[in-house]
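Undergrad: Got a predicted structure plus its sequence, pasted below:
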Amino acid sequence: MSRRAAVVLGAAVLASWGLLGTQAVLTAPDVLNLRITTNMTGVIPSTLYGYMWEDINHSGDGGLYAELLQNRAFQGVLPGTQNALNAWQPYNGARLSVTNKVEGVTSALPNSLQFTIPKIVFGPIGFENTGYWGIKVQAGWTYNASFYAKSDTFTGPITASLKSTTGTTYATATIKDISSDWKQFTFTFEPNTSAPDTNNVFHVEVNGPEAAGQTIHFGMFSLFPPTYLGRPNGMRVDLAEALAGTNPGVWRFPGGNNLEGASWAMRWKWNETIGPIENRPGRVGDWGYPNTDGLGLMEYLNWAEDLGAEPILGIWSGISIQNYSDYSSWPIVPEADLQPYIDDAINEIEFITAPANSSEWGALRAKYGREEPYQLKYIEVGNEDQFQPESYAGYRWNAFVTAIGERFPDLEFIATTYPSTALNPPYMKIDYHQYESISWFENAAFMFDNYPRNGTQYFVGEYAATSTNDSVPLGTIASGRFLYPTLAGAASEAAFMTGMERNSDVVFASAYAPSLQHIRNYQWTPDIMTYDAGRLVLSTSYYVQQMFSLNRGTHLLATSPASTNDSAPLYWVASHNNETNTVFLKVANTGPDDLTAYLSFDFNVSSLFGTAVSLSTPTLSPITGMFNISNTLDEPENIIPVSSAFAIPYPDRYNYTFPATSVTVIALEANM
Ligand code: AHR
């Protein structure tokens, strides 16, 4: 046996390969001999790991967007219907309706809440907002609240409070001087006591006998807790901190299907998501609920900056989704009618990037608080246009890329069709999505090994292991689809991610999707984080993203052997960070056995201590060896990463056992 072969694999491994024929599989007690070399084979892009974002599962409204009141401005609802009162309830016999028969707060918000007090009433009377299935009341927080009100006859006072559904009052404010013109009233709540749960409401009342027979109109309510980095109109702190806690390199937004709209008119319109929130009409999003658009274009761009992530801006490419399962029903803008939409995209990019003093759109951005242009490098033309390839390849891609490219020559364009679809001009970057089964992700760990090295690059712009079911990965929960990511699913994603990282000369970015899920109202599973009004759980997939993203090498290191299908169920990638002089070895073990590797190095470690962080079922716990297991809101810490430090007796080798169905990142200090 040559020295190389001896280094490569232990005898037990070779024996098992012989037995298994075409696909070799490591099983205990097989041992992998794995050498990490000093051969730097490529630069790892900083954009490699990140997220795709759209409002789905109440990820924005009711999720990352910190606003606590649901249906705060009666956007996207039909006045006069019961549904228009979603999340609002009368208190003590109040008559409530949503109307557009009186002038709204602004022309963008024509609907208001009509509160009529009966002629005979005893005690206080009013109405309540139940939030996004509850409201968190936290002692020590300052809540910024506001509403617009007017009445032809009633002048006040109005009492607003944070209360439990069982009647405990946590904070109160009194509002006076209501007049017949719309006026905004702002006030704060500073509760001294935290509520034991989120069964709380935003309560508004007047003295019943004093107000009897009168009518008051209300519009654009708002209730904000403290936000991430204290940004006004900002993000819910726990969710934002968790997303930031993976140090994402890209932030792809605003969709996903939610970019596209059920019709052209219902598409995500950038210019209706900017400026004062009273100027944002909102829309019924593709996922079936009204979007306030409180999280708008500038909020997303500020957020990407806060994260240090490269924004990848999706622009509407001329298709909407009328009926998802019938592609022939999707409205496609004919070539002759496309120009206004191209102009609209150009205006959007100008709004983002133009100097404030030389462009109408740049000046508008400055007026809305941002003088300095935002950095923008990547434009994604559409979303999943492989479902409408003829018109995309026929004219839509060409029309958008040609016109925008002429105006902004430094931008890079990402296509969203099948990689095999020929486009004119040819795409240089392509986004193609992967929602697949566990075994698909394991096999796909090597799919980029054969990707052509012809200058084009790949963006895995949405991916997640969604199911145990190979034939229907997007089926029902009963057929194997995950409600929450599982350990086995996350390990398979990690296997795939080793392949992306090993091939990061051609995979320039990736984005796990979808990101967030409100457990009380969601449309898509699994998601990287799940929450309700008070709690948050980080999934196994979240931890994999975090482990891969935080332990970033700047350069790939060759290993001997390279990770191939022949060494499944171990998958690995090695890298070196030139700034910190750290060598990382990321390993997914997707099998049912603990597997040992004899690691050896072409270098000497400079510290005889290494560290490892590992995600697996905890030893000595009742769930040891259960791999189809998740973190849930009720059991949020079933599977969490465990860090360890270990002594390295010899500076050029170490034996490590990778637990069954696990993801591990080993870090070694090494001067190279
Ligand atoms: O992530 C959920 C949906 O999956 C996205 O909106 C769409 O792009 C994909 O089909």
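TA: Sure, I can see it. Residues are numbered from 1 along each chain as shown.
Undergrad: Test of understanding: give the bridge partners of the closest residue to Asn92 other than its chain neighbours.
TA: Nearest residue to Asn92, sequence neighbours excluded (CB to CB, 6 or more residues apart in numbering): Ile125, at 4.5 Å. For every residue, glycine as well, the C-beta is placed using N, CA and C. Bridge pairing for Ile125 (DSSP bridges) gives the partners Val206.
Undergrad: Now the terminal residues of stretch 644-653, how far apart.
TA: This stretch, stretch 644-653, spans 18 Å end to end (CA to CA, to the nearest Å).
Undergrad: Would you mark the buried spots in that stretch?
TA: Ile648 (16 or more other CB atoms under 10 Å).
Undergrad: who touches it?
TA: Residues outside stretch 644-653 that contact it (CB atoms under 8 Å, 6 or more residues apart in numbering): 598-605, 608-614, 654, 668.
Undergrad: Residue of this structure nearest the ligand, please.
TA: Per CB to the nearest ligand atom, Gly256 is where the chain lies closest to the ligand, at 3.1 Å.
Undergrad: Give me the pLDDT for the closest residue to that residue other than its chain neighbours.
TA: Nearest residue to Gly256 in three dimensions, chain neighbours excluded: Glu54, at 3.3 Å (CB to CB, 6+ apart). Glu54 is assigned 98 on the pLDDT scale.
Undergrad: How much space separates Thr421 from Leu239?
TA: Going from Thr421 to Leu239 by CB to CB, to the nearest Å gives 36 Å.
Undergrad: Out of the two, name the residue with the larger neighbour count.
TA: Neighbour totals were compared for Thr421 and Leu239, and Leu239 leads with 20 against 16 (other CB atoms under 10 Å).
Undergrad: Let me know whether the more buried one touches Gly63 as I believe.
TA: Yes - look at Leu239 against Gly63 with CB atoms under 8 Å: they come within range, at 6.3 Å.
Undergrad: Get me the contact residues on the stretch 401-550 of the chain for the ligand.
TA: The stretch 401-550 of the chain comes close to the ligand at residues His433, Glu462, Ala513, Pro514, Trp524, as judged by CB under 6 Å from any ligand atom.
Undergrad: In CSV, list those along with distance to Tyr91 and neighbour count.
TA: Listed next are these as CSV, based on distance: CB to CB, whole Å; neighbours: other CB atoms under 10 Å:
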residue, distance to Tyr91, neighbour count
His433, 46, 19
Glu462, 43, 22
Ala513, 40, 23
Pro514, 36, 28
Trp524, 35, 19
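Undergrad: For the stretch 301-450 of the chain, just list every one of the helices.
TA: 339-353, 360-367, 389-391, 397-407, 438-443 (DSSP state H, counting those that start in this stretch).
Undergrad: got TSV for those, with distance to Pro225, mean pLDDT and mean neighbour count too?
TA: Formatted as TSV, those follow (distance: least, CB to CB, whole Å; pLDDT from 0 to 100; neighbours: other CB atoms under 10 Å):
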stretch	distance to Pro225	mean pLDDT	mean neighbour count
helix 339-353	29	98	18
helix 360-367	28	98	17
helix 389-391	45	96	15
helix 397-407	39	98	17
helix 438-443	37	97	22
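Undergrad: CSV for the ones you listed, including distance to Gln82?
TA: Converted to CSV, the helices of the stretch 301-450 of the chain look like this (distance: least, CB to CB, whole Å):
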stretch, distance to Gln82
helix 339-353, 36
helix 360-367, 39
helix 389-391, 40
helix 397-407, 42
helix 438-443, 43
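Undergrad: Which of the ones you listed sits closest to Trp330?
TA: helix 389-391 (9.6 Å; CB to CB).
Undergrad: ok, what's across the strand from Thr582?
TA: Asn577, Glu669.
Undergrad: got it, and the one 5 residues further on?
TA: On DSSP bridges, the residues paired with Val587 through beta bridges are Trp572, Thr664.
Undergrad: Gly126 touches Val201, doesn't it?
TA: No - at 10.5 Å, Gly126 and Val201 do not qualify as touching, with contact defined as CB under 8 Å.
Undergrad: quick one: low-confidence ranges for the chain?
TA: 1-24 (pLDDT under 70).
Undergrad: So which residues on it come close to the ligand?
TA: Looking at the ligand, the residues of the chain close enough under CB under 6 Å from any ligand atom are Glu54, Ile56, Gly255, Gly256, Asn257, Asn383, Glu384, His433, Glu462, Ala513, Pro514, Trp524.
Undergrad: Name the nearest residue to the second one, sequence neighbours excluded.
TA: Spelled out, that is Ile56. Closest to Ile56 by CB to CB, 6+ apart is Trp287, at 4.6 Å.
Undergrad: Repeat that for the fifth one.
TA: With CB to CB, 6+ apart as the measure, Asp286 is the residue that lies nearest to Asn257, at 4.3 Å, once sequence neighbours are left out.
Undergrad: Quick one: classify Ser492 as helix, strand or coil.
TA: Following DSSP: H, G, I helix; E, B strand; the rest coil, the label given to Ser492 is helix.
Undergrad: Name all residues that make contact with it.
TA: Counting by CB under 8 Å, 6+ apart, Ser492 has contacts Ile438, Ser439, Trp440, Phe441, Glu442, Ala465, Ala588, Thr590.
Undergrad: try Glu637
TA: Taking CB under 8 Å, 6+ apart, one finds Asn631 in contact with Glu637.
Undergrad: Check Gly308 too.
TA: Taking CB under 8 Å, 6+ apart, one finds Asn247 in contact with Gly308.
Undergrad: Now it: phi and psi?
TA: Backbone geometry at Gly308, expressed as degrees, to the nearest 10, gives phi 70, psi 30.
Undergrad: Looking at the record's assignment, how would you partition this structure?
TA: 32-42+554-669, 82-224 (the TED database).
Undergrad: I'd like a version of those in a markdown table, one that adds distance to Gly362 as further columns.
TA: Below are the domains of the chain laid out as a markdown table (distance: least, CB to CB, whole Å):
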| stretch | distance to Gly362 |
| --- | --- |
| domain 32-42+554-669 | 35 |
| domain 82-224 | 23 |
